[in-house]
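*Asks:* need a structure here:
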Amino acid sequence: MNLQTKKEDQVFVNLLTDAGFKAVYADPANKPLLINLLNTVLPDDVRVSDIVEYRDREQTPDTIYSKKTVLDLVCKDVEGNIFGIEVQKKVDSRLFSRCVFYAAGQYHSQLLAGGDYASLHPVFEIAFLAENYPHENPWHWDADHIVSHYTFAEKRTGEIPNPTIFIILAEIGRFNKTEEKCLTTRDRLFYWFRHANEFKEKPAWLDDPESEALLNATEIAAFTPEKKEIYDQDMKNEQDIEYEKSICYNEGREEGLAEGREEGREEGRRENALSTAKNFLAEGISPETVARCVGISLEEVKALKEKLL
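*Replies:* Numbering: from 1, shown residues only. A predicted model of the protein is given here:
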């Protein structure tokens, strides 16, 4: 494996970042790659033949009950199925509930007032995870079983009366096969999804047509100047958010030590907290979470949110 050692020498995007994923899969020029990715993780009885619409990734607050959400990609296939896709570097206990919430927003937004419920199409919320999901029975999951499917079903019989909302978790972090063990196109896809940014050149063993197409699409040098500019800005925004989160964590630890410091420094910390809270709200994080993380009152957070709307 010819791996790179310096971040500035990065040759291929990291598909487990928002910026890297969007640069490849949200580009209509790479539609065949998106179709292949979807068909790799969808249930066997659901196949995508064509993508006919790339939708706005942002759901406005009035669409899903005053909470803004932003996904990495939202698209619609020729059958009317809707796919909301995101990548997650960190996994916590709130992930599944958030996926359901996002999917419910997409499902709800299909129907205008007075519309016919029969016109509703299934929504598939798909999360690609850099870490393992905390399953209740983790021994069911390994490198050959990293994709899980959830939907509404009758508990005793498993009957699904009508396809509505599906939650799909693809645990890329659980895929630990070596190059020699990647014998199928599925394995090769998951391998590159996890390791692309570690390579300095195209690995010769990924020589099947599907893999070659994906390698070409993830090569940063092949981006147009316009696409490279968007990718760089997305990467910067993502890094800024991570930095804000680290500040939030550090400030939380410092809070107990701050007693007795001069008033000026206290005011400075408060200004930083308010700035961090604004950034978190702009990313769609709930006021309750922001208040708990940043360390200011829920009322103050709600007031900040009103100013941002």
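*Asks:* tell me the contacts of residue 125?
*Replies:* With contacts defined as C-beta atoms under 8 Å, 6 or more residues apart in numbering, residue 125 is in contact with 84, 99-100, 102-103, 106, 165-168. Every residue, glycine included, has its C-beta placed from N, CA and C.
*Asks:* Neighbours of residue 141, how many?
*Replies:* A total of 17 residues lie near residue 141 under the criterion other C-beta atoms under 10 Å.
*Asks:* Settle this for me: it is touching residue 129, isn't it.
*Replies:* No. If you go by C-beta atoms under 8 Å, residue 141 and residue 129 don't touch, sitting 11.4 Å apart.
*Asks:* Can you tell me how far the residue nearest to residue 24 when sequence neighbours are not counted is from residue 29?
*Replies:* The shortest distance from residue 24 to any non-neighbouring residue, by C-beta to C-beta, 6 or more residues apart in numbering, is to residue 217 (5.0 Å). Counting by C-beta to C-beta, to the nearest Å, the gap from residue 217 to residue 29 is 8 Å.
*Asks:* quick one: which of those two has more around it?
*Replies:* A direct count of neighbours by other C-beta under 10 Å for residue 217 and residue 29 places residue 217 higher, at 20 against 10.
*Asks:* quick one: the more buried one and residue 111, what's the gap?
*Replies:* As it turns out, when the distance is counted by C-beta to C-beta, residue 217 lies 35 Å from residue 111.
*Asks:* same thing with residue 190?
*Replies:* For residue 190, the distance to residue 111 (C-beta to C-beta) stands at 36 Å.
*Asks:* Residue 120 reaches residue 109, doesn't it?
*Replies:* No. In terms of C-beta under 8 Å, residue 120 does not count as a neighbour of residue 109; the distance is 10.4 Å.
*Asks:* Spit out the residues that contact residue 141 and residue 129 alike.
*Replies:* Both residue 141 and residue 129 are contacted by residue 171, under the criterion C-beta under 8 Å, 6+ apart.
*Asks:* Okay, strands next: where are they in the chain?
*Replies:* Per DSSP state E, the chain has strands spanning 51-55, 58-59, 69-70, 73-77, 82-88, 123-129, 147-151, 165-171. These are given in chain order.
*Asks:* Which strands or helices does the fifth one pack on?
*Replies:* Judged by 3 or more C-beta pairs under 8 Å, 6 or more residues apart in numbering; DSSP states H and E, the packing partners of strand 82-88 are helix 18-25, strand 73-77, helix 95-108, strand 123-129.
*Asks:* Going by contacts, tell me the helices and strands next to the first one.
*Replies:* Just to be clear, that refers to helix 18-25. Other elements packing on helix 18-25 under the criterion 3+ C-beta pairs under 8 Å, 6+ apart are helix 31-41, strand 73-77, strand 82-88, helix 209-218, helix 225-254.
*Asks:* got the ones you listed as TSV, with mean pLDDT columns?
*Replies:* Written out in TSV, the entries for these read as follows (pLDDT from 0 to 100):
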stretch	mean pLDDT
helix 31-41	97
strand 73-77	94
strand 82-88	95
helix 209-218	94
helix 225-254	77
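*Asks:* Tell me which of those sits nearest to residue 148.
*Replies:* Closest of the helices and strands packed on helix 18-25 to residue 148 is helix 31-41, at 9.7 Å (criterion: C-beta to C-beta).
*Asks:* roughly how far is the closest one from the heart of the chain?
*Replies:* For helix 31-41, the gap between its own C-alpha mean and the chain's C-alpha mean amounts to 16 Å (C-alpha atoms, centre = their mean, to the nearest Å).
*Asks:* What lies in contact with it?
*Replies:* Judged by C-beta under 8 Å, 6+ apart, the contacts made with helix 31-41 from elsewhere in the structure are 24-25, 47-51, 73, 75, 77, 83, 126, 147, 168, 170, 186, 189, 210, 213-214, 217.
*Asks:* Pull out the buried residues from it.
*Replies:* The neighbour-count criterion (16 or more other C-beta atoms under 10 Å) identifies 33-38, 41 as the buried residues of helix 31-41.
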